[in-house]
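Participant: sharing a model prediction with you, sequence too.
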Amino acid sequence: MLRFYNTLSQQVEPFTPARDNTVRMYTCGPTVYDFAHIGNFRTFTFVDILRRWLRANGFGLDHVMNITDVDDKIIRNAVAQRKSLKEYTTLYTEKFLEDCKTLRLQTPERLVPATDHIDDMVEAIQRLGARSHTYSSDGSVYFRISSFPGYGKLSHNDFSGNIAGARVDVDEYEKADARDFALWKAPKEGEPFWPTALGPGRPGWHIECSVLALKYLGETLDIHAGGVDLIFPHHENEIAQSESLTGAPFARFWLHAEFLMVEGQKMSKSLGNYFTLRDVLDKGHAPEAIRYLLASVPYRKGLNFTFEGLKSAATAIDRLRNFKLRLETDCYAEGHNEVLAARTAQACKSFTDSLNDDLNTAEALGAIFEYIRDANSAMDSGEFRGGNVPAAQDLLKLFDSVFEVLEPRAAAGTSDAEVELKVAERTAAKKAKDFVRADGIREELLEKGIILED
C-alpha cells in the first residue's frame, strides 16, 4: 500500500484519495522574480516523482500549482527596472517553464498565475472579515491569528504565549514568530496596485494559495506539498485562512521536501555556490544527470548537491542505457530462464515497494542496479534467454516512467559530420592507448545525446 509521511500528524500513513480515485493536489509554485535555482528544482523534481508514482498506482490527478507573479521581491525588481508587473513576470514565467521542460517535469493539470484571481482573493478577504478574522490598519487588511485556535498545528509550534497581536507586513519572516499577517497590502508610493472594494493595493502572498486551492480543488485537498521552508509561516497561514473560510480541514496530507546543500554548504551567492539550473547546464552537465541526482535522495532527507555527484549520476545513467541497449541488440538463445524470470519479478516488487514506502527513491534505484548487475552477469554467461527480454524491458519501462532519464536529449545543432569526426578522433586515441582522451570524447558525445558503443 502507498504510504506517505504526513507533516501534520508526524506519522507515515496509508494514502488513498478521499473520493472517486482522483488525487486533488496543490503544490506551491515559483515566485517569478528571477531564474529558479537548483534548490527550487529539488522540490519541483520531488513533486514530479510524486505525480508519476500516484499515476503508477492507478490514481487520477487534479494538480494545481500557482505562479506567484506579485510579491515584495517582484515589485521591487519590476519598479527598479521600470517594467510593468506583467512584463517583468512573463519573462521569468516562460524561463521557468522552459527549465521544467528541460528537466522533464510534467506540467500540472492547472498552472495558475495569482494575478488572474485578484477578485477571488478580495472576496475571500471580505468573507474572513465578516467572520471577525481580520482588521484593517493604514489601508492594509490583516489576519488576526488569535481568532484561529489551531494556529501552529502544522509546524507543531506552541504559540499559546506568543500571540500578542503584533503585525508583519513582509511576505516572509522568521520561524516561530507568530504575527498577524497581511491579507491585503496598501501600496507604497510608486508601487503597482489594483483598485478594489478593499481599497487600492495587492494581495499578500499567503492568501493567493488558499484561494486558488479552494477554488479549483474544493474545501479539503488530498495532498498539499512543497519545501520544508514553507511549513512556517506560509503553510501555517494557509491553514488558518482556509479553515477559517470553510470550517473544514484544509488538507489531509502535507508532504515537504528537505533542503538542498551545495558541496556541503547552504547555497548562497556570497559563498559563490549559488546555481540556477542554467548555470549547471552551462558547465556541460546533461539535464538527465541533474534530474537523476535531484531524485536520487529520498525527499525527506537533505541532499548534498556536488559536481562529483553529477558525474556519478551521468555514469549511473550510462549503465542504465547500456543495459537497455543490450536488451535491444544482443542475441540470446531461445527459451526462458525461470530463475532469471523470478529475479526480474523480485526486482520489480522491490522497486514498487520502495516507492510505495514514502517515495524511497534511493532504495528503488538500488533495486534496479542490483538487478542490472545480476542480469548482465547472466548475459555474459549465456544464461539470459530471449524469453526473459520482455519482462526486463517492462521493468526498465516502469523505472523510466518515474525517473525518466533513459532517453538522451536531442542532439540539437550537432551534424553527422561533427559526430563522425569525434568518432574518428576517439578511434585514434584508443589506438594510441590514450584511454583518458577516448573516454572524454565518449562523454562529450553522451552529453549531446549520442551513445557511442564499441
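Facilitator: Cool, the structure landed.
Participant: stretch 16-36 spans what distance, first to last residue?
Facilitator: Stretch 16-36 has an end-to-end distance of 32 Å (criterion: CA to CA, to the nearest Å).
Participant: and the average pLDDT for stretch 281-293 is what?
Facilitator: What stretch 281-293 shows for mean pLDDT is 96.
Participant: span of it from start to end?
Facilitator: 14 Å.
Participant: residues touching it, excluding its own?
Facilitator: For stretch 281-293, the external contacting residues (CB atoms under 8 Å, 6 or more residues apart in numbering) are 38, 41, 45, 102-104, 277, 280, 303, 305, 307, 309-311, 313-314, 316-317, 403-405, 408-409, 446-447. For every residue, glycine as well, the C-beta is placed using N, CA and C.
Participant: can you spell out the domain ranges of this protein, please?
Facilitator: Under the assignment the TED database, the domains of the chain span 3-257, 277-403, 416-448.
Participant: can you show me the helices along the stretch 1-150 of the chain?
Facilitator: Along the stretch 1-150 of the chain, the stretches classed as helices by DSSP state H, counting those that start in this stretch are 38-56, 72-80, 85-102, 118-130.
Participant: any idea of the angle the shortest one forms with helix 85-102?
Facilitator: So the one you mean is helix 72-80. Here the directions of helix 72-80 and helix 85-102 differ by 120 degrees (axes from the mean of the first three to the mean of the last three CA atoms, to 10 degrees).
Participant: contact partners for the nearest residue to residue 93 once chain neighbours are set aside?
Facilitator: Using CB to CB, 6 or more residues apart in numbering and skipping residues adjacent in sequence, the residue nearest residue 93 is residue 32, 4.8 Å away. Residue 32 sits next to 67, 68, 69, 74, 89, 92, 93, 96 when contact means CB under 8 Å, 6+ apart.
Participant: where's residue 151 relative to residue 160, distance?
Facilitator: When distance is defined by CB to CB, to the nearest Å, residue 151 is 10 Å away from residue 160.
Participant: before we move on, back to that, give the buried subset of the contacts of residue 32 as a ChimeraX selection command.
Facilitator: To isolate the buried subset of those in ChimeraX, counting by 16 or more other CB atoms under 10 Å, use the following:
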select :67,68,69,74,89,92,93,96
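Participant: and the furthest pair within the contacts of residue 32?
Facilitator: Maximum pairwise distance among these (CB to CB): 13.0 Å, between 74 and 96.
Participant: CA atoms of stretch 132-146 as PDB?
Facilitator: Extracted C-alpha coordinates of stretch 132-146, given in PDB (Å, rounded to 0.1, in the frame of the first residue of the first chain):
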ATOM      1  CA  SER A 132     -14.200  38.600  12.600                       C
ATOM      2  CA  HIS A 133     -10.900  37.100  11.500                       C
ATOM      3  CA  THR A 134      -9.400  40.400  10.100                       C
ATOM      4  CA  TYR A 135      -8.800  44.000  11.000                       C
ATOM      5  CA  SER A 136      -7.600  47.000   8.900                       C
ATOM      6  CA  SER A 137      -4.700  49.400   9.500                       C
ATOM      7  CA  ASP A 138      -3.400  52.100   7.300                       C
ATOM      8  CA  GLY A 139      -5.200  50.700   4.200                       C
ATOM      9  CA  SER A 140      -4.000  47.100   4.700                       C
ATOM     10  CA  VAL A 141      -6.000  44.200   6.000                       C
ATOM     11  CA  TYR A 142      -4.500  41.700   8.400                       C
ATOM     12  CA  PHE A 143      -5.500  38.200   9.600                       C
ATOM     13  CA  ARG A 144      -5.900  38.000  13.300                       C
ATOM     14  CA  ILE A 145      -4.200  34.700  14.200                       C
ATOM     15  CA  SER A 146      -5.700  34.800  17.800                       C
END
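Participant: what about the contacts of stretch 281-293, which are in strands?
Facilitator: The strands, defined by DSSP state E, take in 303, 305 from the contacts of stretch 281-293.
Participant: report the buried members of the contacts of stretch 281-293.
Facilitator: Using 16+ other CB under 10 Å as the burial test, the contacts of stretch 281-293 include 38, 41, 45, 102-104, 277, 280, 303, 305, 309-310, 313-314, 316-317, 403-405, 408, 446-447 as buried.
Participant: how many neighbouring residues does residue 13 have?
Facilitator: Using other CB atoms under 10 Å, residue 13 has 14 neighbouring residues.
Participant: thinking again about what came up before, how about TSV for the domains of the chain, with distance to residue 267 added?
Facilitator: Output for those, formatted as TSV (distance: least, CB to CB, whole Å):
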stretch	distance to residue 267
domain 3-257	6
domain 277-403	8
domain 416-448	24
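Participant: between these, which gets nearest to residue 263?
Facilitator: Residue 263 lies closest to domain 277-403 among the domains of the chain, at 5.4 Å (CB to CB).
Participant: okay, how far is it across that closest one, tip to tip?
Facilitator: 18 Å.
Participant: then stretch 288-308?
Facilitator: This stretch, stretch 288-308, spans 15 Å end to end (CA to CA).
Participant: start the count at 266 instead of 1 going forward.
Facilitator: With 266 as the first residue, the last one maps to stretch 553-573.
Participant: next, the buried residues of it.
Facilitator: Buried, per 16+ other CB under 10 Å, within stretch 553-573: 553-565, 568, 570.
Participant: can you name the two of the residues you listed that sit furthest apart?
Facilitator: Farthest apart among these - using CB to CB - are 553 and 565, which lie 23.7 Å from each other.
Participant: more neighbours: which of residue 416 and residue 425?
Facilitator: Taking neighbours as other CB under 10 Å, residue 416 and residue 425 compare with residue 416 leading, 21 against 10.
Participant: how about the helices in the stretch 516-665 of the chain?
Facilitator: Going by DSSP H, counting those that start in this stretch, the stretch 516-665 of the chain shows helices at 542-547, 552-561, 572-594, 603-621, 626-646, 654-668.
Participant: let's have those helices in a markdown table, adding distance to residue 348.
Facilitator: Listed next are the helices of the stretch 516-665 of the chain as a markdown table, based on distance: least, CB to CB, whole Å:
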| stretch | distance to residue 348 |
| --- | --- |
| helix 542-547 | 21 |
| helix 552-561 | 29 |
| helix 572-594 | 35 |
| helix 603-621 | 44 |
| helix 626-646 | 40 |
| helix 654-668 | 39 |
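Participant: which one of those lies nearest to residue 527?
Facilitator: Comparing those under CB to CB, the one sitting nearest is helix 572-594, at 9.4 Å.
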